[in-house]
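Participant: next one to model:
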Amino acid sequence: MGDGAQSNRTPLALDVDDFKGDFSFDDTFGNLVTEVLPSCLEKEVDSLEGHGNIDGISNGHMRAPSMSNAGKLLSSPLFPEVDALLSLFKNSSSQLVEQKRQLEKGVDGLFGSFARLDSRISSVGHTAAKIGDHLQSADTQRESASQTIELIKYLMEFNRSAGDLTQLSPLFIDDNRVAEAASIAQKLRSFADEDIGRQKTTVSSAVGNATSHIGLEVAITNLQEYCNALENRLLARFDKATQKRDLSTMGEYGKILSQFNRGTSAMQHYVGLRPMFDVAVMNADAKLVLGDEGAQPSPSNVAHGLSSMFNEIADTVRKEAATIAAVFPSPKDVMSILVQRVLEDRVPKFLEKLLLKPSLVNPPPMAEGGLVLYLRVLAVAYEKTQEFDKELRSVGCGDLDVEGLTESLFLPHEDIYIECEQASLKQLYKAKSGTIGRSKGASIVLSNPEISVTVVTEFVRWNEEAISRCSLFYLQPAALAASIKPIFTCLLDQVSQYIIGGLERAREGLTEAAALREKLAGNYRRVAAAAASAAENAAAAGESSFKSFMASVQRCGSSVAILQQVYFVNSISRRLLPVDGAHAASSEEMATAMSRAESVACKGHTQCIETVIAEVERLLSTEQKATDYRSPDDGIIPDHRPTSACAW
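Facilitator: Purely as a prediction, here's the structure:
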């Protein structure tokens, strides 16, 4: 190309950004050629068209040149500087690759330097940490050694003659430093005890060991004496603050006292001085519940009095809990001691007066309430104490087993409870039905000779009450079932004895009527008129005894239905199921008891039949006359009216 073409060519513009990223020499060169080639071709074509050498461009598209023009175009180089540019690019590419390698080498070196620096820093830091630990350990050891030296110095002051506390440091005498003195004294005791322990386990000469022991024992004795005196001083100040209700001062001394035997003495001392444990207060409890001395307590009055007493104690414990929380470092421990004192001192002393354990050999008479009064009061006391137990636990009792302590209050009454229930039921039965003679074979003399469904219902009510008490004392199903069975057996005995006695008394009327008939049987022919009157009296007696017995049988059936179908099925049977065989055994006992009554009833029915037959025979022999029989052949019109005998 000519110089004119070169002067109009667009210069190549390259900068550093063109070589960044994923640089490729071939791609860069191709892009440059693609950009420059079209403009160069257009200029060459224009030049040839001006001389008529190639075809023009039509409609914006370059036409292929003719053979002559193409030859001319190819005879001269299209890019005369391409060789120079190619050499330049190759050289630049080589330099760039070298620069990249150098740069990567420098970066790798930089990373290596950073890694060595980081390792060095870590090493230095680790070393510094070790140095710090050693320094801290050394400081701790130094401080411990300093404290040990100080303790040894104080220990030497106590290691003089026994009872000599006159030459102690001001620390142990100054009233303003009692907290520090208490702390040091406890450390000295621990230090001396540990030293004695080490000496006992160390094999050493007997003489040296003995000498060492003598010195330490003197120090320990003096320390104990000093600690006791200091604790008493602190307790005295604590009491003064307590009287003034100065909670701040109480808390201060309470914290110091906690260093002596974990504060047990201080906690027990505080609880022991509570007004709620005064004798006068306990006497007031008895008067509140039992009333005036010698008065007969009723279960309702006892229940009301116990509720009032337990509410008052619970309110007091609740107030004490607030004070204890503000004063003592371990309030739960103090609450345990307080509640334990309540359940082991105040409540038991009251229950001893309320629940006098009765004798089953010589039970209290019914005029004084009998055994049932003791049982009813026992149940009320147990129920109210259980409610009190829950109230105490809601206030807070620490780790104290409140439930176990509450149960232990009634252990003296547990061993005779079931026997007492049985004896009470028998006593009630005797009082209701009469008294049993002491002579052998003596029968029961009943206040009501006839069987009464109302009386049997009352027997059942007594039994229900006894079982309700069992449900209160025995929460486990198996224990409850075991207690119910003997009590239900008492009811079976009572009902069986009662209805058998009633049926036997009803049979006595039948027997007496039969004896009267037998007595008059031989007089019917000799004294007709007198015999007829006596026979009528005997017949009336037989009729009355017959009706009385049948009524007794009817009431007996109603009583048995109440026992079997109502009470046993609805209340007893399901409670006996937890114990294997208990339900079947009770059912068998019930069947046996009722079979005895059935046997008596069968005998009575036989006597009733004999009474009816005897009366029929009497009527046929005395009331039916020969003229009452007419043959239909006598020609007289038949009289269809019944005879006197038939009318009876």
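Participant: mind pulling the model confidence for V281?
Facilitator: Listed pLDDT for V281 reads 87.
Participant: that one sits in which helix or strand?
Facilitator: Element membership for V281, per DSSP states H and E: helix 279-290.
Participant: buried set for stretch 384-401?
Facilitator: By neighbour count, with 16 or more other C-beta atoms under 10 Å as the criterion, the buried positions of stretch 384-401 are 384-385, 388-389, 391-392, 395-398, 400. In short, each C-beta sits where N, CA and C put it, glycine included.
Participant: pick the one among those residues closest to S183.
Facilitator: Each of the buried residues of stretch 384-401 was checked against S183 using C-beta to C-beta; the closest is G398, at 25.6 Å.
Participant: that older thread, need the residues that contact the helix holding V281.
Facilitator: The list of residues contacting helix 279-290 from outside it, by C-beta atoms under 8 Å, 6 or more residues apart in numbering, reads 275, 297, 301-302, 305-306, 308-309, 346, 349-350, 353-354.
Participant: 6 Å - rerun?
Facilitator: Residues from elsewhere that reach helix 279-290 (C-beta atoms under 6 Å, 6 or more residues apart in numbering): 297, 302, 305-306, 309, 349-350, 353.
Participant: check stretch 314-325 too.
Facilitator: Outside stretch 314-325, the residues that touch it by C-beta under 6 Å, 6+ apart are 276, 331, 334, 391, 395-396.
Participant: related to what we said a few turns ago, in the helix holding V281, which residues are buried?
Facilitator: Within helix 279-290, the residues that qualify as buried are 282, 285-286, 289-290, counting by 16+ other C-beta under 10 Å.
Participant: one step back: ok, of the contacts of helix 279-290, which come out buried?
Facilitator: Buried residues within those, counting neighbours by 16+ other C-beta under 10 Å: 297, 302, 305-306, 309, 350.
Participant: now do the top helix by length along the chain, average pLDDT.
Facilitator: Taking residue count as the measure and DSSP state H as the definition, the longest helix of the chain comes out as helix 82-158. For helix 82-158, mean pLDDT rounds to 77.
Participant: helices or strands next to it in the packing?
Facilitator: helix 25-50, helix 178-201, helix 206-243 (3 or more C-beta pairs under 6 Å, 6 or more residues apart in numbering; DSSP states H and E).
Participant: which of these comes out lowest on mean pLDDT?
Facilitator: Set side by side, those give their lowest mean pLDDT on helix 25-50, at a mean of 61.
Participant: let me know the helix or strand that the spatially most central residue of the chain is in.
Facilitator: Computing the C-alpha centroid of the chain and ranking residues by C-alpha atoms, centre = their mean puts E403 first, at 10.5 Å. Using DSSP H and E, the secondary-structure element containing E403 is helix 402-408.
Participant: flag every buried residue along that helix.
Facilitator: Across helix 402-408, burial judged by 16+ other C-beta under 10 Å covers 402, 405-407.
Participant: the closest residue to the residue nearest to the centre of the chain other than its chain neighbours: helix or strand, and which one exactly?
Facilitator: Residue nearest to E403 in three dimensions, not counting chain neighbours: D389, with 6.2 Å by C-beta to C-beta, 6 or more residues apart in numbering. With secondary structure defined by DSSP H and E, D389 is part of helix 370-395.
Participant: and that helix, average pLDDT?
Facilitator: Throughout helix 370-395, pLDDT has a mean value of 93.
Participant: name the helices or strands packed onto that helix?
Facilitator: Applying 3+ C-beta pairs under 6 Å, 6+ apart, one finds that helix 370-395 makes contact with helix 299-327, helix 402-408, helix 417-433.
Participant: who touches the helix or strand following the shortest one?
Facilitator: Yep, that's helix 402-408 we're talking about. Using DSSP H and E, the next helix or strand after helix 402-408 towards the C-terminus is helix 411-414. Applying C-beta under 6 Å, 6+ apart, the set of residues contacting helix 411-414 from outside is empty.
Participant: burial measure for V271, as a count.
Facilitator: Other residues within reach of V271, judged by other C-beta atoms under 10 Å, total 22.
Participant: could you dump the buried ones among the contacts of helix 279-290 into a markdown table and include distance to V566?
Facilitator: Listed next are these as a markdown table, based on distance: C-beta to C-beta, whole Å:
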| residue | distance to V566 |
| --- | --- |
| P297 | 34 |
| V302 | 31 |
| G305 | 36 |
| L306 | 34 |
| M309 | 40 |
| F350 | 40 |
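Participant: lowest pLDDT pick from these?
Facilitator: By pLDDT, P297 ranks lowest within those, coming in at 80.
Participant: got the buried residues for stretch 341-357?
Facilitator: Using 16+ other C-beta under 10 Å as the test for burial, stretch 341-357 gives 341-343, 346-347, 350-351, 354-355.
Participant: check stretch 262-275 too.
Facilitator: Using 16+ other C-beta under 10 Å as the burial criterion, the residues of stretch 262-275 that qualify are 263, 265-267, 269-271, 274.
Participant: off-centre distance for stretch 110-130?
Facilitator: Its chain's C-alpha centre lies 60 Å from the corresponding centre of stretch 110-130 when counted by C-alpha atoms, centre = their mean, to the nearest Å.
Participant: kindly export that stretch (C-alpha atoms) in CSV.
Facilitator: Coordinates of each C-alpha in stretch 110-130 appear next as CSV, following Å, rounded to 0.1, in the frame of the first residue of the first chain:
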residue,chain,number,x,y,z
LEU,A,110,5.1,-13.6,50.2
PHE,A,111,2.7,-16.4,51.3
GLY,A,112,5.6,-18.4,52.7
SER,A,113,6.7,-15.3,54.6
PHE,A,114,3.3,-14.8,56.0
ALA,A,115,3.1,-18.5,57.0
ARG,A,116,6.4,-18.3,58.8
LEU,A,117,5.3,-15.1,60.5
ASP,A,118,2.0,-16.7,61.6
SER,A,119,3.8,-19.8,62.9
ARG,A,120,6.2,-17.5,64.8
ILE,A,121,3.4,-15.5,66.2
SER,A,122,1.6,-18.7,67.4
SER,A,123,4.8,-19.9,68.9
VAL,A,124,5.3,-16.7,70.7
GLY,A,125,1.7,-16.6,71.9
HIS,A,126,1.9,-20.2,73.2
THR,A,127,5.1,-19.4,75.0
ALA,A,128,3.5,-16.2,76.4
ALA,A,129,0.5,-18.3,77.6
LYS,A,130,2.8,-20.8,79.3
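Participant: got the buried residues for it?
Facilitator: Using 16+ other C-beta under 10 Å as the test for burial, stretch 110-130 gives no buried residues.
Participant: same question, stretch 298-315
Facilitator: 299, 301-303, 305-306, 309-310, 313-314.
Participant: please export the C-alpha coordinates of the host helix or strand of I256 as PDB.
Facilitator: If you go by DSSP H and E, I256 is part of helix 247-257. Output in PDB follows, covering the C-alpha atoms of helix 247-257 (Å, rounded to 0.1, in the frame of the first residue of the first chain):
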ATOM      1  CA  LEU A 247     -33.200  -8.400 109.300                       C
ATOM      2  CA  SER A 248     -30.100  -6.800 107.900                       C
ATOM      3  CA  THR A 249     -28.100  -7.400 111.100                       C
ATOM      4  CA  MET A 250     -29.600 -10.900 111.400                       C
ATOM      5  CA  GLY A 251     -28.500 -11.700 107.900                       C
ATOM      6  CA  GLU A 252     -25.000 -10.400 108.600                       C
ATOM      7  CA  TYR A 253     -24.600 -12.600 111.700                       C
ATOM      8  CA  GLY A 254     -26.400 -15.500 110.000                       C
ATOM      9  CA  LYS A 255     -23.800 -15.500 107.200                       C
ATOM     10  CA  ILE A 256     -21.000 -15.500 109.700                       C
ATOM     11  CA  LEU A 257     -22.600 -18.300 111.800                       C
END
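Participant: give the rounded mean pLDDT of it.
Facilitator: In this model, helix 247-257 has an average pLDDT of 85.
Participant: elements contacting that helix?
Facilitator: Helices and strands touching helix 247-257, as assessed by 3+ C-beta pairs under 6 Å, 6+ apart, comprise helix 206-243, helix 299-327.
Participant: which is the next helix or strand following that helix?
Facilitator: helix 264-272.
Participant: what about N228, neighbour count?
Facilitator: With neighbours defined by other C-beta under 10 Å, the count for N228 comes to 12.
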